[in-house]
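Undergrad: Give me coordinates for this.
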Amino acid sequence: MALSETAAFIYEHLEEAIKVRDKKANTVNEQDNPLGYEKESKLLVGFAIPCIISMLVTALYNIVDQIFIGQGVGMLGNAATNIAFPLSTSCTAISLLLGIGSATNFSLKLGAGEEKESAEYAGNGICLMAIFGIALFAVTTIFLTPMLKFFGATSEVLPYAQEYTRITAIGFPFLIANTGMSKLILADGSPRYSMTSMLVGAIVNTILDPIFIFGLQMGMRGAALATIIGQIVSFGISLRYMFHFKTIRLTKESFHMTGRHIENIFKFGASACFNQIAMTIVQIVLNNTLSHYGAQSVYGGDIPLACAGIITKVNMIFMSFVIGISQGIQPIIGFNYGAEKYERVRKSYLLALGTATVLSGIAFFCFQVFPRQIISVFGSGSELYFQFSERYFRIYMFLTLINGIQPVTSNFFNSIGKSQLGVFMSLTRQILFLLPLIVIFPLFMGIDGVMYAGPIADAAAAIVCGYFMVRELKELSAMDRKKKEEYAA
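TA: Below you'll find the predicted structure:
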């Protein structure tokens, strides 16, 4: 056999051996991590349900306080929790920035087989959670009164808001760390543990609320104390897991913070964070708009503040399902995109979107048919109070049916590493559309303008997100075909 023929023979068989090796490697990887081979629907249920419960717990901290405060303190107490709400969303924004940012990098590196890098992103994320939590507590404590006035507090509501926020600020570091670590626990493949850490704290809060508010007659202080005790309990449970990761091992070097790791955490967490920041900004502008134009209407300034706060938190329950689904698919999409399994990425997104849309339909029905019954859970009020609540529910939440598109799509782009598109998607409804509309519409329509701004912003955001998603799905299909053709060759 000629030398050239021998070389060709060896090369051909070597190439075949490499292909066999790669197939075996992929098989081993799939066997090691169910994210690469388990049925998409089963994975979505397994990962989304704990995320939903985790988000529901966050909502319940506010909802439970709102219910007991409404029954024990009254309308001004409900208005006070609405005024303090931007600080809660700020905590969520920081925890999602750092939690989802580190978890996304964790999943992508794990899918690519780089366990050491995964551990470094987890360690850097934990350090950042501690730094940001302490910083927010300090800023809130120092600038408490001017912040609450800026958030729209009236002279009647301000004392209640001060009493409540001064105590809940103590829990900010624990809330940020626990929520952020729960995303890392989820990415590590332990959704039940992530769910448990959040659920136990919510149960503690729910038990302590009536004891402190009614039994010990502590009012707003009681609700705040119950909240931070629940948050500390949840934090302790999550902290324990940080020493028992399944797929990585945290070492001293994992906590060595570097500019590269911090930059990537910020980049991939920015989408979810900006969405929360947008909610915070909108809430502040909304509070001031409702207070200003409410004072010029038959409702007065305090009724719109109290009603809008309740409806915002009721909507948080619905959005907990949608956002939980969008976060639940993050490790599934991140791992499979990193492993170049594009068809699984595509199926996971469509399944999540379909599920979110069904849940949106249920929420739409409840908001349109039972608005008075929902509001009644949070205490009594005048007939004007209920009239405003019913109109606000039915008009502002009219396009709830399509509200699942934006968060699911935004987190999808973030999960596949296209953080800039993810950030843009997260800003569409709140900043690009809703914020200008709630400023402009009331100039011509009074307080009704706030209500009609909601559904118009929902429709515009859904159209923009739909356009970019259709384009991305086509690209994923093309990438999958190309990969199959290369593999067959």
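
Undergrad: now the residue nearest to N205 when sequence neighbours are not counted: how far from A223?
TA: Once flanking residues are discounted, N205 sits nearest to G230: 3.4 Å by Cβ to Cβ, 6 or more residues apart in numbering. In this view, the C-beta of every residue, glycine as well, is placed from N, C-alpha and C. According to Cβ to Cβ, to the nearest Å, G230 stands 11 Å off from A223.

Undergrad: Next, the buried residues of the host helix or strand of F85.
TA: In this structure, F85 is located in helix 75-111 according to DSSP states H and E. Taking 16 or more other Cβ atoms under 10 Å as the neighbour-count basis, helix 75-111 is seen to contain the buried residues 75-111.

Undergrad: G230 and A223: which is more packed in?
TA: A223 (31 against 28; other Cβ atoms under 10 Å).

Undergrad: from memory the more buried one sits against I69, does it?
TA: Yes - proximity of A223 to I69 meets the contact threshold set by Cβ atoms under 8 Å, at 5.4 Å.

Undergrad: Spit out the residues that contact the two alike.
TA: Contact criterion Cβ atoms under 8 Å, 6 or more residues apart in numbering; residues bridging A223 and I69 by contacting each: I213.

Undergrad: count of neighbours near R391?
TA: The local packing count at R391 equals 16, with neighbours defined by other Cβ under 10 Å.

Undergrad: picking that back up, list the buried residues of the helix or strand where the residue nearest to N205 lies.
TA: Under the criterion DSSP H and E, the helix or strand holding G230 is helix 219-241. Buried positions in helix 219-241, judged by neighbour count with 16+ other Cβ under 10 Å: 219-235, 237-238, 241.

Undergrad: Just want the angle from that helix to helix 75-111.
TA: Orientation note: helix 219-241 sits at an angle of 10 degrees relative to helix 75-111 (axes from the mean of the first three to the mean of the last three Cα atoms, to 10 degrees).

Undergrad: Which strands or helices does helix 219-241 pack on?
TA: The elements that helix 219-241 packs onto, with contact taken as 3 or more Cβ pairs under 8 Å, 6 or more residues apart in numbering; DSSP states H and E, are helix 40-72, helix 75-111, helix 158-168, helix 172-187, helix 191-210.

Undergrad: for the residue nearest to T206 when sequence neighbours are not counted, what are its contacts?
TA: Residue nearest to T206 in three dimensions, not counting chain neighbours: V64, with 5.3 Å by Cβ to Cβ, 6+ apart. Under the criterion of Cβ under 8 Å, 6+ apart, the neighbours of V64 are A202, N205, T206, D209.

Undergrad: tally of neighbours for the second one?
TA: When neighbours are defined as other Cβ under 10 Å, N205 has 24 of them.

Undergrad: Please give the element, helix or strand, for the spatially most central residue of the chain.
TA: If you average the C-alpha coordinates of the chain and look for the closest C-alpha using Cα atoms, centre = their mean, you land on I323, 5.3 Å from that point. Under the criterion of DSSP H and E, I323 resides in helix 302-338.

Undergrad: now whatever helix or strand comes next after the helix holding F85 against helix 158-168, angle please.
TA: Along the chain past helix 75-111, the next helix or strand (assigned with DSSP H and E) turns out to be helix 115-142. Taking the same axes, to 10 degrees, helix 115-142 and helix 158-168 form an angle of 140 degrees between their directions.

Undergrad: That's all I had, so thanks and see you.
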